[in-house]
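Visitor: Sharing a model prediction with you, sequence too.
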Amino acid sequence: MAEKNTDKHYIIGQRIKNIRLSRGMTLEEFGALFSAGKGLVSRWERGISTPNPKRLKNIAEFANISIEELVSPSDNPTSPQIVGQKIKTIRLDSGLTMEQFGKLFNTSKGTVNNWEKGRNLPNKENLVIISEMGGQSVTELLDNNDSISLTISEYNRLKDIEQKYNEIKRLVDN
């Protein structure tokens with residue numbers, strides 16, 4: 001039986017998973033790039049094992065990041081709750097109810113609620129569509145490295161302030 005994962009292995013695994021999902025690849029497709037089976041990729045993503053140094057280098061190059069960015073323990077792994085908050089913000093910014101948002105993905109408002117609460121994440125196709133709706137990449141949607149965490153009302157208030165600032169700036173500049 002495998003020993004409990006260290007935080008570092010888990011973090012690396014989550015980063016590898018984010019890289020794979022952001023490219024819309026299956027475990028098997030991703031593994032083929034690095035001469036690894038889907039079972040091994042799954043073990044990496046769950047933090048049970050870590051790719052060897054050569055594979056780490058190749059994965060980092062594939063993702064256009066440094067090896068340090070891939071293996072550094074300083075960042076947090078993806079939190080489903082944070083991704084859920086981002087999905088909710090995208091939905092609200094689009095002016096959609098949970099039911100309307102769900103219809104876009106041929107799913108129920110209960111499923112949308114589960115996404116927003118971080119109980120589960122949308123599949124890769126839906127992640128791509130949601131990230132495009134939010135004007136960001138899947139990697140950005142799944143990224144947990146926001147330096148500031150705002151509630152939706154705080155975020156909306158900040159957007160209002162920014163809009164008013166831009167209006168005043170236009171008046172002053174003209």
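Guide: Received the coordinates, thanks.
Visitor: CA only for contacts and neighbour counts going forward, please
Guide: Fine.
Visitor: Could you list the low-pLDDT ranges of this structure?
Guide: 1-7, 73-79, 144-156 (pLDDT under 70).
Visitor: At which residues are the helices of it located?
Guide: Remark: helices assigned in the chain by DSSP state H are 7-22, 27-33, 38-45, 53-63, 67-71, 80-93, 98-104, 109-116, 124-133, 138-142, 152-173.
Visitor: Output the ones you listed in JSON lines, with mean neighbour count appended to each entry.
Guide: Shown next, in JSON lines, are the helices of the chain (neighbours: other CA atoms under 10 Å):
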{"stretch": "helix 7-22", "mean neighbour count": "22"}
{"stretch": "helix 27-33", "mean neighbour count": "17"}
{"stretch": "helix 38-45", "mean neighbour count": "19"}
{"stretch": "helix 53-63", "mean neighbour count": "16"}
{"stretch": "helix 67-71", "mean neighbour count": "16"}
{"stretch": "helix 80-93", "mean neighbour count": "20"}
{"stretch": "helix 98-104", "mean neighbour count": "16"}
{"stretch": "helix 109-116", "mean neighbour count": "19"}
{"stretch": "helix 124-133", "mean neighbour count": "17"}
{"stretch": "helix 138-142", "mean neighbour count": "22"}
{"stretch": "helix 152-173", "mean neighbour count": "12"}
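Visitor: Which residue would you name as the spatial centre of the chain?
Guide: Leu142 (0.6 Å; CA atoms, centre = their mean).
Visitor: Distance check, that one against Gly31.
Guide: To Gly31, Leu142 is 20 Å away according to CA to CA, to the nearest Å.
Visitor: again, but for Thr97
Guide: 38 Å.
Visitor: Also Asp93?
Guide: For Asp93 relative to Gly31 (CA to CA), the value is 37 Å.
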